[in-house]
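1. coords below, sequence missing:
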């Protein structure tokens, strides 16, 4: 039994395909299949049911593959121990981040992080929350940056900061005349929302849960996954939207005059660095976490007088 064979069976379990697993392991499919067959012969069991598509592990295969994942993690920790001893931060870091956070956080941190740690290769994907969770559980990502709490027993959450939600209202909307906004003053008929599948949409609805003044809906239903599009819809039309505070950084003076904060306790989204419960690459992830905290406003690091809004995924 070799670690390479264990890597191969974990890859097949992850991708449920011998062809894709071989591609991800940078070997030919016959090579991968032969090594898995050797392992099955040595153990005297079948690890996969090859008669099904996609391929699935057998009952005993599930237990063996679970143990293989643990062995590979512990094997990787040896390199972590050596890197920590040498005070080196190096290697690949695969990060998933939600689209409503990426354009406002990543430009602040990436250049500085890469200069500080030239031996690190960052691989970043923008995914919705559910896809990040899935890929963390499958160990296709090392960590995720997303809104929490997730209440998922397989994942470890490391809260970083608390980002306020704000109202962005057109001059024609009654909310524009307010100094601060109360949740019960929001009207469903006037709001521009992200489309379904975005956790921020759920949070916005939760801010106003059971408090919307139900009226006639707009006769235009616009589905978007972009916070920037929401701003433009308010700029060029009527109504209002709710934005995360980091998205205000590039607004003009005119646009900033359209921003209204909520009455205390402010509704916020808790942004966390999320890992698999048994994650590795601790030094890398810790360095990435420190870089983020160095570039977010100090006031966001305190939870006092703030209300964390659930995401209900």
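-> Looks like it arrived, so ask away. Nothing here was measured: the structure is a model prediction, and the numbers come from that model.
2. so where's this protein uncertain?
-> 84, 87, 209-223, 313 (pLDDT under 70).
3. which helices and strands does the helix ranked longest in it pack with?
-> The helix spanning the most residues in the chain, taking DSSP state H as the definition, is helix 59-85. Using 3 or more C-beta pairs under 8 Å, 6 or more residues apart in numbering; DSSP states H and E as the contact criterion, the elements in contact with helix 59-85 are helix 3-15, helix 282-293. C-betas here are computed from N, CA, C, even on glycine.
4. next helix or strand past it?
-> Next in sequence after helix 59-85, counting helices and strands by DSSP states H and E, comes strand 91-97.
5. Now do the following helix or strand past that next one: which elements does it pack against?
-> Elements were assigned by DSSP H and E; along the chain past strand 91-97, the next helix or strand is helix 102-116. Packed against helix 102-116 by the contact rule (3+ C-beta pairs under 8 Å, 6+ apart) you find strand 120-126, helix 282-293.
6. quick check: angle from helix 102-116 to strand 120-126?
-> For helix 102-116 and strand 120-126, the angle between their directions (axes from the mean of the first three to the mean of the last three C-alpha atoms, to 10 degrees) works out to 170 degrees.
7. Which stretch among the helices and strands packed on helix 102-116 is buried most, on average?
-> Neighbour counts averaged per stretch over these are highest for helix 282-293, at a mean of 17; criterion: mean count of other C-beta atoms under 10 Å.
8. for the next helix or strand after that one, packing partners?
-> On the C-terminal side of helix 282-293, the nearest following helix or strand under DSSP H and E is strand 306-308. For strand 306-308, the contact count by 3+ C-beta pairs under 8 Å, 6+ apart identifies strand 155-169, strand 266-276 as packing neighbours.
9. mind redoing it with 6 Å?
-> The criterion is 3 or more C-beta pairs under 6 Å, 6 or more residues apart in numbering; DSSP states H and E, and the helices and strands that strand 306-308 contacts are strand 266-276.
10. and the strand it packs on with strand 155-169, angle?
-> Going by the same axes, to 10 degrees, strand 266-276 makes 150 degrees with strand 155-169.
11. List the strands paired with strand 266-276, with their directions.
-> Sheet pairing here is set by DSSP bridges, and for strand 266-276 it gives strand 143-148 (antiparallel), strand 155-169 (antiparallel), strand 306-308 (parallel).
12. who wins for proximity to residue 202 among the ones you listed?
-> Ranking these by distance to residue 202, with C-beta to C-beta as the measure, places strand 143-148 first at 9.3 Å.
13. Could you give the number of residues near residue 253?
-> 6 (other C-beta atoms under 10 Å).
14. circling back to that earlier point, quick one: the longest helix of the chain to chain centroid distance?
-> Relative to its parent chain, helix 59-85 has a centroid offset of 24 Å by C-alpha atoms, centre = their mean, to the nearest Å.
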